[in-house]
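Peer 1: Pasting the sequence and the predicted coordinates here, then a few questions.
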Amino acid sequence: MSSGEKILSVIRMDSQEAIAQMQAETDKKCESILRKAKDKAQEINNNAQQKKAEQTARLQKSHQSRRELEKRNMILKAKRTAINEAVVSVLDYMEHLESKEYFALIYRLAATLGAKEGVVLLNEKDLKRVPKDFIQQMAKSGIKAALSPTPDNSIKSGFILKNGDIEENMSFAAVIADRREAVEDVINRELFKG
């Protein structure tokens, strides 16, 4: 082999060695890059799965809270309806009492006013059935008043005590409306015991 061929052979071997070394380094770098890419992809996937799980848990909790709120609102609405029906029933019961009990209730209501004076207004139905001792019973209740002979049909039940421009509305509807919260508390306790 000639010296030119020997030099070429050495150059070829050096080149092949350099190429092999570069190839090995390139393969190492590629493996490292692929490993890092796989790790990063796995990390992104794990984070996505965790976020998905957290979001699913939040949504489930939110749906559960919403269902509980809807259930509570339905129960409250049902209770409110039952209470309203009970209030209407109480008012109806009071309005349809027999005369003796009806006027006894009026005397009890009059007693809550304390010492007052004026004119007692009743509706037409109550004026027709008013007891003979009505004014005396009102006086025992603390009300010194005359009975108006003119019916006031704006009153469905109960009475109004009028003294000049001042009116004490003791109609059963007004009394219940005025004391509705206390009445509702009693009805609530009775209807929804336990």
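Peer 2: Everything's here; your move. Residues are numbered from 1 along each chain as shown.
Peer 1: Extract the CA atoms of the lowest-mean-pLDDT helix or strand in the chain and return them as CSV.
Peer 2: Of all the helices and strands that make up the chain, helix 180-191 has the lowest average by mean pLDDT, DSSP states H and E, namely a mean of 72. These are the backbone C-alpha positions of helix 180-191, laid out as CSV (Å, rounded to 0.1, in the frame of the first residue of the first chain):
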residue,chain,number,x,y,z
ARG,A,180,-98.6,36.7,62.2
GLU,A,181,-95.0,35.9,63.2
ALA,A,182,-96.1,34.6,66.6
VAL,A,183,-99.0,32.7,65.0
GLU,A,184,-96.7,31.2,62.5
ASP,A,185,-94.3,30.1,65.2
VAL,A,186,-97.1,28.3,67.1
ILE,A,187,-98.4,26.7,63.9
ASN,A,188,-94.9,25.7,62.8
ARG,A,189,-94.3,24.0,66.2
GLU,A,190,-97.6,22.2,66.0
LEU,A,191,-97.4,21.1,62.3
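Peer 1: Tell me the helices and strands packed up against it.
Peer 2: Here helix 180-191 is seen to pack against helix 3-95 when contacts are counted using 3 or more CB pairs under 8 Å, 6 or more residues apart in numbering; DSSP states H and E. (C-beta placed from N, C-alpha, C; glycine too.)
Peer 1: What mean pLDDT does the helix it packs on get?
Peer 2: Across helix 3-95, the average pLDDT comes to 81.
Peer 1: swap in stretch 109-122?
Peer 2: Mean pLDDT, taken over the full extent of stretch 109-122, equals 91.
Peer 1: Which residues does that stretch contact?
Peer 2: Outside stretch 109-122, the residues that touch it by CB atoms under 8 Å, 6 or more residues apart in numbering are 130, 134, 138, 141-148, 150-152, 155, 158-164, 166, 168, 170, 175.
Peer 1: Weed out the non-buried ones from those residues.
Peer 2: Neighbour-count burial (16 or more other CB atoms under 10 Å) is assigned, among the contacts of stretch 109-122, to 130, 134, 138, 141, 143, 145, 148, 152, 155, 158-162, 168, 170, 175.
Peer 1: so of those, which ones are in helices?
Peer 2: With helices taken from DSSP state H, the overlap with the buried ones among the contacts of stretch 109-122 comprises Phe134, Met138, Val175.
Peer 1: want to throw the residues you listed into JSON lines with distance to Gln50 and pLDDT?
Peer 2: Shown next, in JSON lines, are these (distance: CB to CB, whole Å; pLDDT from 0 to 100):
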{"residue": "Phe134", "distance to Gln50": "81", "pLDDT": "91"}
{"residue": "Met138", "distance to Gln50": "79", "pLDDT": "91"}
{"residue": "Val175", "distance to Gln50": "63", "pLDDT": "89"}
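Peer 1: could you measure the most centrally placed residue in the chain against Leu113, distance?
Peer 2: Against the mean C-alpha coordinate of the chain, by CA atoms, centre = their mean, the closest residue is Asn73 at 5.3 Å. When distance is defined by CB to CB, to the nearest Å, Asn73 is 40 Å away from Leu113.
Peer 1: Equivalent analysis for Lys100, please.
Peer 2: Distance, Lys100 to Leu113, by CB to CB: 21 Å.
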